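**Q** Quick one, structure for this:
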Amino acid sequence: MPSYICFYCGAEKLTAQSLRKHIQHRDNCKTAFYALSENHVEPVTDNSSIVSPAATSFNYSPEESSSSSRSRSDSTNVAELQSPSKQARVDDEEEMEPGGLPRDPFCHFPGDQYSAGQTYGKGPNVIEAMAEARRKEGISDQDPWAPFASGEEWEFVRWAMQSGVSQGDIDKYLKLEMTQTRSGLSFKNKQLFFAKVVSLPKGPNWQCEVWEVKGTEVDENENMRTEVVKLWKRNPVECIKDLLANPMFADHMRYKPERLYEDEDGKRPIFNEMWTGEWWEKLQKLLPTGATIVPVILASDKTQLSTFSGDKSAWPCMSSLLEPLVQAGTNGVEMVCADGFIRHVYPIIAAYIADHPEQCLVACTRENACPKCETHHSPFRDPEQTKSWIDDALHGWPRAAKDANIRPIKPFWASLPHCDIFQALTPDILHQLHKGMFKDHLVKWTTACVGGKETEIDRCYHTMTAHPGLRHFKRGISLVSQWTGAEYKHMEKVFLGIIAGSADQRVEGAVRTVLDFIHYAHFETQNEDSLSRLEASWRAFHDTKSVFLELGVRQHFNIAKLHSMSHYVRSIWLLGTADGYNTENPERLHIDFAKIAYRASNKKDYIKQMTKWLERQDSMQRFQAYLEFFHPTLKSGSTSGTAEDEGDSDNEHAEGGEQEDEDREHQAEYNIAKRVPFPRMSIATIENDMGAVDFKKCLGKFLQEHLSSSVREIDVDELMHVEVYKQFKRDLPLMSQVLEKSSVDIIRAAPPLPAQGRRQAVPAQFSTVLAFKTSGDHGEKSRTGVVNPIAGLTVGEVHLIFNVPRKYQAASECPLAYMEWFTGLESWNHSIGMFSVSPSSRNHRCHASIIPITQIQRTCHLIPVFGTAMDTTWTRENVAQRSHKFFVNPYL
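**A** Presented below is the predicted three-dimensional model:
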């Protein structure tokens, strides 16, 4: 594939289309490109034009560039850059991802006709402003660590501030004689320590606003009780300025709407980030020419904060908090952006992330109603009509508001410009789908349909076959009291396979529709096809839900979270994919920035202390960003490591196996250890301990088929030794629907580990995979020319990863795998939408063969067919051998 290099910043892109996108989005690069053009080429402004890879080709190689920091006066041949290239489009298969989306979609910039994102000169970004402030204070650029004495001292301060160590313990450590005599730290106690932290650059200031709130109870004098409430806040406009000017975000920002399409004619849209939705494009038309929209995303949670102050509810006064956005959203504010250019910015409320009770509170609706629409088949509520009904209700005419399920509460969003709160309420995957439809409804309904066999379902979860991407529920799921979002996802991945055969087929079909809906709702990139499947899954559930009525499990389906699923497709069209608005993200932030901050206080006047803690954490991040921006080569160790960074806790073979990963040999299709962990494993050991019972026979056959006729004798006996690996890795192809970046798949064939000391014995670990039996099995195309992704693939279990014996190394250029095969992907279970397979046999023995590891495409997960009642002799360790039939799990 040709390489396309930006002549200004040196960014490398795979295709000319992606390079043009890059230049369009980066004003530095765009300005430089137009400055080099003898004809003064202007940006595309035709509202109907779609940028095609063939329209403009920037085929510029690294050899043509003298340095990565090119000036605008470089004598680059712009005519050559603008002329069509013979290699402007590569083969279709290379341009399409395995998921069916183009690697570089066609781009349409509808805001160009309104000069969206227009620039008005340049200004210093937040890091450059920080550097200038340091110079004014007399700090030299040659002393990057100041106010700290060295990089080591800064590293210690970062650790102390981010690790949760109390101020008292910091003081005790600094006063230790060993610390004072040997550490070389420039501070000797916590006062001097925090004086340096406080001197770091700060962000927007915290402000405290005091409110006196009347309650619903009366005192002894029959007067309403009051309470003084303190609202700690920061100016949202100043926060937006600060974020917008951060150069660390430069590659992740857009300053105008960008519509993506699969086709050059712009008929098949693609949605991912907010700027690809309709909301941004429609709003751009309402603002002055040259305006830059900055979408504001709000999140709140009306929870009982027992960690803070008993059973008091926390509900911020949003009107006061957001008041600065009224003028800024009406008249705009000049702001320096991450790329260094000044723009006239309009911060507008675009999305509001909240669970159902909070959505109803924000929308001023009753909790038994939908916060977005009035009836099942109506469009979104009208904010102007709603404000009118509320106003009438507050003045004594409540009938219209009551009929529309509106509560007479003055909405905080009433004065916010261009704010349609009903469009802004986003899908909530965590509470509506995982906690709502799956946990609260589907699991309970299905358990009731199979006779209330909670214990049986728990046993199936406990016995479930292993897979690196699947959590093991040792005690089942009925005893799990606090489920996290990750746990829901792991439960959902195998739930359908567990109930298959024990429930009515109509129940299985209904469960499948909900799980499919959840699966599609998680897509990070959507197109018309995936959105059609999302909509079809929701409609299919309504076609099959009557089975729960017939079985007496439900009396009605007037369920708010079920109804909310009807709004997902429209919301994605407006604001981009739903994964970006999941309430898991603000809940995670609540833990990081509220609960941890509270624990860092002395619990007295804690909110003020929390703001001080947050301010200091912000200062730490700013100083680290300054170092990374201006002095990227300086050493500054990370102190934010987590358990995930230190290894996979689910990998039972982690002990003793890490050395294999230290030094790996990377090939185009796989990644394997350079040092072989088992350099001399005998065939007897292989056949006995690795379960490769026909290894000797299969190796002899492989060598005969792959060695030239000049090799007369092939001697494979019990005394032969081979080099054996524990695992290898391969990069899975990028699929934008699932992940923005390609992920790594680990294929394991690890021998059993005996008990040693306190460590219990660990059984062998053999990955199940999708692989081609022969090199000629690779993908077939249907009559329409579409590649069948599973054509030629067969399920197999990897029992050994090894190198061919040295004297026969001509037989294979890559390591080999001993495979035990399953039957083909031919038996399809329509009610659950899964293939079923069984261990394949030849002459009453396991069907086995040896293949190059390059024929292994990826791991897969097999769910045992448990039937109406699971065999009581099955365990997690033996189920793969004792079960005679499996479902191929499509959710992993």
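**Q** quick one: stretch 462-479 to chain centroid distance?
**A** Centre-to-centre, stretch 462-479 and its host chain are 23 Å apart (C-alpha atoms, centre = their mean, to the nearest Å).
**Q** going forward can the numbers begin at 331, since that is how I track them
**A** Taking 331 as the first residue, the last one we looked at is stretch 792-809.
**Q** Span of it from start to end?
**A** One end of stretch 792-809 to the other measures 12 Å (C-alpha to C-alpha, to the nearest Å).
**Q** residue ranges with poor pLDDT in the stretch 781-930 of the chain?
**A** For the stretch 781-930 of the chain, the stretches with pLDDT under 70 are 782, 811.
**Q** all helices in it, in order from the N-terminus.
**A** Shown for the stretch 781-930 of the chain, the helices assigned by DSSP state H, counting those that start in this stretch span residues 784-793, 815-829, 835-851, 858-874, 876-880, 890-894, 898-905, 914-920, 926-929.
**Q** Roughly how far does the residue most central in space within the chain sit from Thr855?
**A** The chain has Leu1069 as the residue nearest its centroid, 6.6 Å off, counting by C-alpha atoms, centre = their mean. Going from Leu1069 to Thr855 by C-beta to C-beta, to the nearest Å gives 10 Å. C-beta coordinates here come from the backbone N, C-alpha and C atoms, glycine included.
**Q** I'd like to know which of the helices of the stretch 781-930 of the chain lies nearest to Val528.
**A** Evaluated over the helices of the stretch 781-930 of the chain, closeness to Val528 peaks at helix 926-929, with 16.6 Å, by C-beta to C-beta.
**Q** How far off centre is that closest one?
**A** 26 Å.
**Q** Could I get the buried residue list for that helix?
**A** 926-928 (16 or more other C-beta atoms under 10 Å).
**Q** Between those, which sits nearest Lys1103?
**A** Nearest member of those to Lys1103, counting by C-beta to C-beta, is Ile926, at 53.1 Å.
**Q** Can I get stretch 1214-1222 in PDB? Just the C-alpha atoms.
**A** In PDB, the C-alpha atoms belonging to stretch 1214-1222 read as follows (Å, rounded to 0.1, in the frame of the first residue of the first chain):
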ATOM      1  CA  HIS A1214     -20.000 -33.700  23.000                       C
ATOM      2  CA  LYS A1215     -21.600 -30.600  21.500                       C
ATOM      3  CA  PHE A1216     -20.900 -26.800  21.600                       C
ATOM      4  CA  PHE A1217     -22.300 -23.500  20.400                       C
ATOM      5  CA  VAL A1218     -19.800 -21.100  18.700                       C
ATOM      6  CA  ASN A1219     -20.200 -17.900  20.700                       C
ATOM      7  CA  PRO A1220     -20.900 -15.000  18.400                       C
ATOM      8  CA  TYR A1221     -20.700 -12.400  21.200                       C
ATOM      9  CA  LEU A1222     -16.900 -12.800  21.700                       C
END
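**Q** Give the buried residues for that stretch.
**A** Going by 16+ other C-beta under 10 Å, stretch 1214-1222 has these buried residues: 1215-1222.
**Q** quick one: the strands in the stretch 681-830 of the chain?
**A** Applying DSSP state E, counting those that start in this stretch to the stretch 681-830 of the chain gives no strands.
**Q** and the residue of the chain most remote from its centre, which of the three is it?
**A** Distance to the chain centre peaks in the chain at Asn551, reaching 56.6 Å (criterion: C-alpha atoms, centre = their mean). What DSSP: H, G, I helix; E, B strand; the rest coil gives for Asn551 is coil.
**Q** Next, the distance between the ends of stretch 1082-1091.
**A** End residues of stretch 1082-1091 are separated by 8 Å (C-alpha to C-alpha).
**Q** Please identify the buried residues of that stretch?
**A** Leu1083.
**Q** Please render the buried residues of helix 926-929 as a markdown table that adds distance to Asn888 to the earlier fields.
**A** Below are the buried residues of helix 926-929 laid out as a markdown table (distance: C-beta to C-beta, whole Å):
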| residue | distance to Asn888 |
| --- | --- |
| Ile926 | 40 |
| Ala927 | 41 |
| Tyr928 | 39 |
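**Q** From Asn1219, how far off is the closest residue to Ala816 other than its chain neighbours?
**A** Sequence neighbours aside, Arg801 is the residue nearest to Ala816 in space, at 7.5 Å (criterion: C-beta to C-beta, 6 or more residues apart in numbering). According to C-beta to C-beta, Arg801 and Asn1219 sit 14 Å apart.
**Q** just Ile1044 next, same as before
**A** 39 Å.
**Q** now swap in Pro962 and tell me
**A** Distance of Pro962 to Asn1219, given as C-beta to C-beta: 43 Å.
**Q** do Leu349 as well
**A** For Leu349, the distance to Asn1219 equals 39 Å [C-beta to C-beta].
**Q** coming back round to it: any idea which of the buried residues of helix 926-929 is the one closest to Glu1207?
**A** Ile926 (39.6 Å).
**Q** ok, now which ones touch the closest one?
**A** By C-beta atoms under 8 Å, 6 or more residues apart in numbering, the contact list for Ile926 reads Gly494.
**Q** now stretch 451-461, how far from the centre of its chain.
**A** Counting by C-alpha atoms, centre = their mean, stretch 451-461 is centred 31 Å from the centre of its parent chain.
**Q** In that stretch, which residues are buried?
**A** 453, 455-458, 460-461.
**Q** do stretch 1064-1075 as well
**A** Neighbour-count burial for stretch 1064-1075 flags 1064-1067, 1075 (criterion: 16+ other C-beta under 10 Å).
**Q** need the contact list for the residue farthest from the centre of the chain.
**A** Here Asn551 is in contact with no residue (C-beta under 8 Å, 6+ apart).
**Q** State the pLDDT value of it.
**A** Asn551 carries a pLDDT value of 82.
**Q** Equivalent analysis for Ala490, please.
**A** Reported pLDDT for Ala490: 92.
**Q** what comes up buried for the longest helix anywhere in the chain?
**A** If you go by DSSP state H, the chain has its longest helix at helix 936-960. When neighbours are counted by 16+ other C-beta under 10 Å, the buried residues of helix 936-960 are found to be 936-937, 939-950, 952-957, 959.
**Q** again, but for stretch 469-487
**A** By neighbour count with 16+ other C-beta under 10 Å, stretch 469-487 contains the buried residues 474-475, 477-478, 481-487.
**Q** can those residues go into JSON lines with extra columns for secondary structure, pLDDT and distance to Val1195?
**A** Formatted as JSON lines, the buried residues of stretch 469-487 follow (DSSP: H, G, I helix; E, B strand; the rest coil; pLDDT from 0 to 100; distance: C-beta to C-beta, whole Å):
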{"residue": "Pro474", "secondary structure": "coil", "pLDDT": "92", "distance to Val1195": "63"}
{"residue": "Trp475", "secondary structure": "coil", "pLDDT": "94", "distance to Val1195": "63"}
{"residue": "Pro477", "secondary structure": "coil", "pLDDT": "95", "distance to Val1195": "66"}
{"residue": "Phe478", "secondary structure": "coil", "pLDDT": "95", "distance to Val1195": "62"}
{"residue": "Gly481", "secondary structure": "helix", "pLDDT": "92", "distance to Val1195": "59"}
{"residue": "Glu482", "secondary structure": "helix", "pLDDT": "93", "distance to Val1195": "59"}
{"residue": "Glu483", "secondary structure": "helix", "pLDDT": "95", "distance to Val1195": "62"}
{"residue": "Trp484", "secondary structure": "helix", "pLDDT": "95", "distance to Val1195": "58"}
{"residue": "Glu485", "secondary structure": "helix", "pLDDT": "94", "distance to Val1195": "55"}
{"residue": "Phe486", "secondary structure": "helix", "pLDDT": "95", "distance to Val1195": "57"}
{"residue": "Val487", "secondary structure": "helix", "pLDDT": "95", "distance to Val1195": "58"}
